[in-house]
Every structure is written in structure tokens, then in C-alpha cells.
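Enquirer: Predicted structure and sequence below. I'll ask about it afterward.
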Amino acid sequence: MPGQNRAMRLLALADIHAEQQALGHLAAFLKHERFDAILYAGDFTQFGPAGFASDALDVLQRAAPVYAVPGNLDTPDVLELLKKRGVSVHGETKKLGDWTVAGWGGSPKGFVTTPIQFTEEQILEGLAALDIGPKTILVTHAPPRGIGDISSKGEHAGSTSIRRIIEERKPALHVCAHIHEQEGIFELGPTKIVKLRAAKAGRAAVIKLDRAIDVQLISFW
């Protein structure tokens, strides 16, 4: 466990979608970089199964402690794997130094049915039950409504409940993914939001946690 009250360097990524080439590049990148923790915001696979997710976790956990949620295209057995490996923050919290990491996976229910989806009411109820505050890192697969959430069809695909929780609880940092077309660093009140593009295309973010939060969007190959 990283020490208390010191700067930490984190890697954030998501949406590798069972791309073996991308996982190979990621493994090579992690051999030469040091991180205190890795935040994974969902979609290890493309409708499962969990075998690739296990391989990906092997790569990630060799490099640093992992905090992860499933994506909407992961399957329930992927979520069970995350729990078994001790890395899941879906609907729960874990400590990271003097920070708390909280999470929620899957996506809001929409026009397309995918393996892990929730109603907005379920998302709100699940997140509201967690201890989320100014020293929290919130990791979700879906972005908040209106922030980096325009899909390829030109529609908002973010969650109103995730946005509400951010506005009410004001976590310091929010990491999210899901919409491959958009990435960026945003602010919603005091919360810094890191919207990731897909790791299957080599995209990720390096986050330095100190008195201030510094974020760099990177390519790992």
C-alpha cells in the first residue's frame, strides 16, 4: 500500500476490449514506468469471456495495485473475477494511501442491450451508499451526463446519476471512459474529471496526486 500523505503517480486506462496487441504494448510500457496504483475504468473484454481479463490483470497487477470496475461490454463473470482478484471497486470503496477509491461499473440502460447495465435509479442508489467526499477518487465506466459523453451517433450517453453524485459529494477526481470518440480533462465544480479514450488504441492518462492534481493524456505506444 502506498504511504500516507505523499505524492502518488497513477495510471488510468479503460476499454482495451480484448485487443491482444494493445495488451502486449501495455506490458512493455509498464516494464519501464513506475506507478503507485492503476485505475481501470471498465471494458476489459468485448462481451467476455473472462480469460482475457485475467491475462490483463496479470499484466496490471505485476506493475502496481489495481482498482477496477467492469464495463458495459464485460460480462458478469468478469466482475466476479475482479472481486476474486481483490481489485473491484464496483459498488464499494478501497483505500489508496490517505485517499478513498469508490466506483461503479457498467453503463446506463439505453437503446442497445449490453451485459452490464443499470437504471439511473440503481446507479444513484449504489453510489449514494458509498463514502464519497473531497478525498475520494471516483472511478466509473460511464461519464457524467454532458461531459465527454457524445457518442458516434451524436447523442449524450453519460449518466445523470453520476453527474448528480459528483455535484453533491464533490470528489477530488473522477476517472471515466465508455465513449471512445472523446477524451479530455474537465472540471465540474471542484472535481477534476479525466475522460479516457480506449486503451485498445493505446490511450491512457498519467495522474500525479499531490496538493494539486496533475493529469497528462498519453499514448503508451
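Expert: Arrived safely.

Enquirer: for the nearest residue to Gly103 once chain neighbours are set aside, what are its contacts?
Expert: Nearest residue to Gly103, sequence neighbours excluded (C-beta to C-beta, 6 or more residues apart in numbering): Val89, at 3.4 Å. Where you see a C-beta, it was placed from the backbone N, CA and C, and this is true even at glycine. Residues in contact with Val89 (C-beta atoms under 8 Å, 6 or more residues apart in numbering) are Tyr67, Ala68, Val69, Val101, Ala102, Gly103, Val139.

Enquirer: Let me have those residues in CSV, extended by secondary structure.
Expert: Shown next, in CSV, are the contacts of Val89 (DSSP: H, G, I helix; E, B strand; the rest coil):
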residue, secondary structure
Tyr67, strand
Ala68, strand
Val69, coil
Val101, strand
Ala102, strand
Gly103, strand
Val139, strand
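
Enquirer: if you go through the protein in chain order, where are the helices?
Expert: 20-30, 50-63, 76-84, 120-128, 160-169 (DSSP state H).

Enquirer: Tell me which of the ones you listed lies nearest to Gly202.
Expert: Closest to Gly202 of these, according to C-beta to C-beta: helix 20-30, at 6.3 Å.

Enquirer: Alpha carbons of that closest one, in PDB - could you do that?
Expert: Presented in PDB, the C-alpha positions along helix 20-30 are these (Å, rounded to 0.1, in the frame of the first residue of the first chain):
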ATOM      1  CA  GLN A  20      -4.100  -8.700 -27.600                       C
ATOM      2  CA  GLN A  21      -1.700  -6.400 -29.400                       C
ATOM      3  CA  ALA A  22      -2.700  -3.500 -27.100                       C
ATOM      4  CA  LEU A  23      -2.100  -5.700 -24.100                       C
ATOM      5  CA  GLY A  24       1.400  -6.500 -25.400                       C
ATOM      6  CA  HIS A  25       2.200  -2.800 -25.800                       C
ATOM      7  CA  LEU A  26       0.900  -2.100 -22.400                       C
ATOM      8  CA  ALA A  27       3.000  -4.800 -20.800                       C
ATOM      9  CA  ALA A  28       6.100  -3.300 -22.500                       C
ATOM     10  CA  PHE A  29       5.200   0.200 -21.300                       C
ATOM     11  CA  LEU A  30       4.700  -0.900 -17.700                       C
END
